[in-house]
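Asker: with the sequence up front, the predicted model follows.
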Amino acid sequence: MIATILPSSTNFHAVEYNEIKVAKGKAELIEMANFGYIGMLGSYTPKDLTDYLISYSSSNTRIKNAQFHLAISCKGNEYSQEELVRIAKQYLKEMGYGEPGQPVLIYAHHDTDNNHIHVITSRVDPHGKKINHNHERLRSQEVINRIMGVNEQLRIGEAVSEALQYSFTSIPHFRAILETMGYECFPGKDELILKRGGVIQDRVKTEVIEAHCMKEKIQDKKRIAQIRAILRKYRDMSSGKTELQETMKSKFGIDLLFMGSKDAPYGYLIVDHKNKSVYKGSEILKLKELLVFQTIEERFRNIDSFIDKILDDNVFLTTKELNKMLRRQFGCKLMNGCVLFNGSSHQIPDYMLSLLKTNDRRDWIQSFCPSTEEEKEILCRIGKYYHSEHINIVEKRRDKTQITQNQLKGIFDLYSGQDLWDKIHEDGYMIVKKEDVFYCIDFKNKTIHNMAEYDLDLSRLRTKKDTGEQNGVRNSKDLRDVIQLGTVLNKKGGSADSNREWEVGKGNYEEVDDERKIRR
């Protein structure tokens, strides 16, 4: 948890700063207290808020910079917005800004990965007195530590002890370790000064640090090669230096600390927290090589080339299998024919998409483990897959076939006539008749088999052609089924699909639930 006191001003420019964020959808005003008529009206302009704070603060003409602007932030979602507000109110009270009548604005910001709020008030209290600001930053750190139950002396002592356990060869390397732990480090006379929240927290004697320095570091060649490979890989998956730093930290516990200006660093250090080591960046990867980032267009071209090569090597590759490779290689995924990467999307070439869809259909059909040529033919017709020679016959039945048989037996025992068909549809089964043989397809359990094995009265499934008047069932030349086949795998099939000619039964289902269609 960090509480940062931001610069003061005469015109309360912090209001405009936060309101601009609100207008852009990056923040919201979540609390307004003690703003007189403005709070009662329920509508306001940024100028209304600013004018009120200036007027309120004018009761003490000796205070020129009356704005008090505070930011409270936490790591990620460690604390909710409501918890941060509660902490802020307790903080204001202990810092002297919590008296009844003190005007306060609290904004929640949503433009970073870390939850944080901004608080704006006046340095003038409701009685016109100046709120004590002596040793403000020191008191601020003490207050936030007390609220959070943090013993700063204990915490910094633990941080220094841990940093001394790392392998490092110089004082700058030791400083780098502590900086990754959230401390600012400054050289003093024979000592290293440690700050946190702008307040000096500790001092470490130079001789203590030098005693732990390794005169000649033992190079772990295997780890160096590993870090080099990781840097190269994730450099090509990152849009810039900041993103690369965040990825290395979150995924591998490796901090990259750049030296020099933000836009033109002249070097960098690598702090490997996993192995407790510090490396000079150039020992692993030259800075010029590290900072060569690809444009989004170049990255998408490389992804296309990668997909093309993989499909050449594996002509039956599915979308699911490809996505595993894309996540591992590029940190992206394919969805609805588009590669999604860092908020950008790219449509892959049509021939790749067509092949992947065909392979997905083949994989879906194969998942039913057909045990006969007839079963294979039925599944290929339903799945609109026209290369049945690529589907393998599986001799061993799936264990779930008995489950399907038992469930259907229960349906036959309880229902008859149109109710029987309705229940078959409702429970996700498809009944297909090929010549004089009925087959059951269970989409949930991924099974298909000859219903002659079920010991059921199959005469109750006869079509209109067979019985003369059986529930308005349609006939066909070859195959008959009980739902619209075009919706099983391809929503574009619809009512105009040629497969409608072999529907039987009710046949009016517009959608098939997720257990009954291929996911793409």
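Answerer: Yes, it's here.
Asker: compute the number of surrounding residues for the closest residue to residue 214 other than its chain neighbours.
Answerer: Among residues not flanking residue 214 along the chain, residue 169 sits closest, at 5.3 Å (Cβ to Cβ, 6 or more residues apart in numbering). Backbone N, C-alpha and C define where each C-beta goes, glycine included. By other Cβ atoms under 10 Å, the residues close to residue 169 number 15.
Asker: how about the one 3 residues further on?
Answerer: The burial count assigned to residue 172 is 15, neighbours taken as other Cβ under 10 Å.
Asker: and the one 3 residues further on, by the same measure?
Answerer: Residues contacting residue 175 under the criterion other Cβ under 10 Å number 24.
Asker: just residue 262 next, same as before
Answerer: As a burial measure, residue 262 scores 8 neighbours (other Cβ under 10 Å).
Asker: do residue 176 as well
Answerer: Neighbour tally, residue 176, other Cβ under 10 Å: 23.
Asker: test my guess that it contacts residue 278.
Answerer: Yes: using Cβ atoms under 8 Å, residue 176 is in contact with residue 278, at 5.9 Å.
Asker: which stretches of the stretch 401-520 of the chain form helices?
Answerer: With DSSP state H, counting those that start in this stretch as the criterion, the stretch 401-520 of the chain has helices at 401-414, 417-426, 464-467, 486-489.
Asker: what's the most buried one of the ones you listed?
Answerer: Of all the helices of the stretch 401-520 of the chain, helix 486-489 carries the top mean neighbour count, a mean of 21, counting by mean count of other Cβ atoms under 10 Å.
Asker: measure stretch 128-145 end to end?
Answerer: Its first and final residues considered, stretch 128-145 spans 29 Å by Cα to Cα, to the nearest Å.
Asker: tell me which residues are up against that stretch.
Answerer: Applying Cβ atoms under 8 Å, 6 or more residues apart in numbering, the external contacts of stretch 128-145 come out as 1-3, 5, 59-60, 62-63, 68, 72, 87, 91, 94-97, 123-125, 150-152, 196-199.
Asker: which among these end up buried?
Answerer: Buried by 16 or more other Cβ atoms under 10 Å: 1, 3, 5, 60, 63, 68, 72, 87, 91, 94-97, 123-125, 152, 196-197, 199, out of the contacts of stretch 128-145.
Asker: outline the domain layout of the protein.
Answerer: Here the domain assignment for the chain is 2-148, 152-212, 221-290, 296-363, 367-516, based on automatic domain parsing.
Asker: adding mean pLDDT, write these out as TSV.
Answerer: TSV is the format used below for the domains of the chain (pLDDT from 0 to 100):
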stretch	mean pLDDT
domain 2-148	91
domain 152-212	89
domain 221-290	90
domain 296-363	90
domain 367-516	67
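Asker: about what we covered before: now for residue 176 and residue 278: what residues contact both?
Answerer: 168, 269, 271.
Asker: with neighbour count as extra columns, can I get those residues in JSON lines?
Answerer: Below are the shared contacts of residue 176 and residue 278 laid out as JSON lines (neighbours: other Cβ atoms under 10 Å):
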{"residue": "168", "neighbour count": "24"}
{"residue": "269", "neighbour count": "23"}
{"residue": "271", "neighbour count": "24"}
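Asker: output the one helix or strand residue 160 maps to as PDB, restricted to C-alpha atoms.
Answerer: Element membership for residue 160, per DSSP states H and E: helix 152-163. Extracted in PDB, the C-alpha atoms of helix 152-163 (Å, rounded to 0.1, in the frame of the first residue of the first chain):
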ATOM      1  CA  GLU A 152       8.500  -0.300   8.700                       C
ATOM      2  CA  GLN A 153      11.700  -0.900  10.700                       C
ATOM      3  CA  LEU A 154      11.100  -4.600  10.700                       C
ATOM      4  CA  ARG A 155      10.200  -4.600   7.000                       C
ATOM      5  CA  ILE A 156      13.300  -2.700   5.900                       C
ATOM      6  CA  GLY A 157      15.500  -4.800   8.100                       C
ATOM      7  CA  GLU A 158      14.100  -8.000   6.400                       C
ATOM      8  CA  ALA A 159      14.600  -6.400   3.000                       C
ATOM      9  CA  VAL A 160      18.200  -5.600   3.600                       C
ATOM     10  CA  SER A 161      18.900  -9.000   5.100                       C
ATOM     11  CA  GLU A 162      17.300 -10.700   2.000                       C
ATOM     12  CA  ALA A 163      19.200  -8.400  -0.400                       C
END
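Asker: just the buried positions in that helix, please.
Answerer: So for helix 152-163, counting by 16+ other Cβ under 10 Å, buried means 152, 155, 156, 159, 160, 163.
Asker: ok, those vs residue 312, which is closest?
Answerer: residue 163 (50.7 Å; Cβ to Cβ).
Asker: the residue nearest to that closest one when sequence neighbours are not counted - how many residues pack around it?
Answerer: Nearest residue to residue 163 in three dimensions, chain neighbours excluded: residue 177, at 4.3 Å (Cβ to Cβ, 6+ apart). Using other Cβ under 10 Å, residue 177 has 26 neighbouring residues.
Asker: tell me which of the helices of the stretch 401-520 of the chain lies nearest to residue 327.
Answerer: Taking Cβ to Cβ, helix 486-489 is the member of those nearest to residue 327, at 25.1 Å.
Asker: shouldn't residue 192 be in contact with residue 204?
Answerer: Yes: counting by Cβ under 8 Å, residue 192 does reach residue 204; the two are 4.7 Å apart.
Asker: helix, strand or coil for residue 31?
Answerer: For residue 31, the assignment made with DSSP: H, G, I helix; E, B strand; the rest coil gives strand.
Asker: gap between it and residue 432?
Answerer: 63 Å (Cβ to Cβ, to the nearest Å).
Asker: more neighbours: which of the two?
Answerer: Between residue 31 and residue 432, counting by other Cβ under 10 Å, residue 432 is the more crowded of the two (24 against 14).
Asker: neighbours around the closest residue in space to residue 103 that isn't next to it in sequence, how many?
Answerer: Leaving aside its chain neighbours, residue 103 sits nearest to residue 34 (4.5 Å; criterion: Cβ to Cβ, 6+ apart). The number of residues packed near residue 34 is 16, by other Cβ under 10 Å.
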